[in-house]
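Q: 3D model of this:
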Amino acid sequence: MTGRKRLLYLCPVAMNLTGHWIERIRIAARQGYEVHIAVPDDPGLEGFDLGGATRHALPLRRGLPSPRAELAYFMAIRSVIRKVRPDILHAITIRPVIYGGIAARLMKVPAAVFSVTGLGFMFGEARLARLMRPCGEAAYRFVLHHPNCRVIFENPDDADLFVAERLVSREKTRVFIGGGIDLELYGYVPEQPTQEAEPIIILPGRLLIEKGGGEFVEAAKILKNQGKIARFALVGDIDPGNPGTLSRDQIEAWVREGAVEWWGWRNDMLEVIRQSSIVCLPTNYREGAPRSLIEAAAIGRVSVTTDAPGCRDVVMDQQTGFIVPMRDPQALAEALDKLISNPSLRLRMGEAARHYAEAHFSTELAAQRLLSVYAELSGPALPSHYRI
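A: Predicted coordinates for the structure are as follows:
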């Protein structure tokens, strides 16, 4: 055993780890923590630089719950905790937070950090979501009453909701907008509009109904019927494991109508954003702090999004982009039209977005905030054994 504090991350999927969390994890390791990561196995992790962290495999389960699969997931988390015996457990997103948090309380893990990076399907308006929510809230209430924990939210609205519902006490909450981004990798590349090139408007991310794909298509139809010259592209894939996914048939029908293009899932999103003119996220549910909007700001792209929690904390209305009402294709079309018709406005707002990203969304700032939370929790000593 080393004398260093042991830190165990529970990550939902490899993509979340490699795309969103790895830089903060590497910085924690450089600060002297003995770092362990529990994440479902994935070919993309082979040879990936984890910054000296030890990786532990978890089973992967997406979509509607299966009692057998959920129990296997919980037991795997419990097994990793028993093996690692962390001083601090850091669980990321809904399923790791709930299952890791239950295990942390039952096994008396000394300290825990829970990153609630968005409220997800369970806090949506679908009938199934409303049925699931009481059970989810009960689980959160048990988990977030860990005696030595902090709960990190990506926007103040989510934190306020959890406090109002008495899922967590206010003193345990921290609000950090976004998870940080490598500002050198996502360097400023201003758009270079020309009279010949059509502006490209992209909607990046999972193609879920609540992400506003339908509103995006309707806005595109409105503008094309007005004779506006622009390309509209859905960049992402359907999510069959999610009950809120758009259907492949629906998307292909939109493409056949000529309303939008469908570029599918891309592993070169940096280049995709660079070739775009506008990034659009017309979501109609509670986001955490959308990374697609943060990436757009870093590169210097103007964004159009909705007045949804998380989105309105990343985009500054009338300064780095436009914020429109949710579920309003006409308002969305009008905002997009302002930018399609005015390349100089896009450039000015894109430059302002880059400055805003530099001030608020750097990896270094995000890591500093996270390390301060770990320091708050470092008091209790590791017990001689965990409860089995």
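
Q: ok, Ala220 to Ala333 distance?
A: Separation of Ala220 from Ala333 (CB to CB, to the nearest Å) stands at 8 Å. Heads up, the C-betas are built off the backbone N, CA and C, glycines and all.

Q: repeat for Ser276
A: Counting by CB to CB, the gap from Ser276 to Ala333 is 18 Å.

Q: would you mind listing the buried residues in the helix or strand hosting Ala333?
A: Taking DSSP states H and E as the definition, Ala333 sits inside helix 329-340. Under the neighbour-count criterion of 16 or more other CB atoms under 10 Å, helix 329-340 has Pro329, Ala331, Leu332, Ala333, Glu334, Ala335, Leu336, Asp337, Leu339, Ile340 buried.

Q: make sure Ile77 is indeed in a helix.
A: Yes: secondary structure of Ile77 (DSSP: H, G, I helix; E, B strand; the rest coil): part of a helix.

Q: wait, it touches Gly100, no?
A: Yes: at 5.4 Å, Ile77 and Gly100 qualify as touching, with contact defined as CB atoms under 8 Å.

Q: what residues do those two have in common as contacts?
A: Leu10 (CB atoms under 8 Å, 6 or more residues apart in numbering).

Q: distance check, the residue lying closest to Ala233 once chain neighbours are set aside against Leu60.
A: Using CB to CB, 6 or more residues apart in numbering and skipping residues adjacent in sequence, the residue nearest Ala233 is Glu261, 4.4 Å away. Distance check for Glu261 against Leu60: by CB to CB, it reads 31 Å.

Q: pLDDT wise, what is the closest residue to Ser277 other than its chain neighbours at?
A: Nearest in space to Ser277, with sequence neighbours left out and distances taken as CB to CB, 6+ apart, is Pro199 at 3.9 Å. We note a pLDDT of 97 for Pro199 in this prediction.

Q: next, count neighbours for Pro199.
A: 20 (other CB atoms under 10 Å).

Q: what's it in contact with, if anything?
A: Contacts of Pro199 (CB under 8 Å, 6+ apart): Pro193, Ile229, Ala230, Arg231, Ser277, Ile278, Leu339, Ile340, Pro343, Arg346.

Q: just the buried members of these?
A: Ala230, Ser277, Ile278, Leu339, Ile340, Pro343, Arg346.
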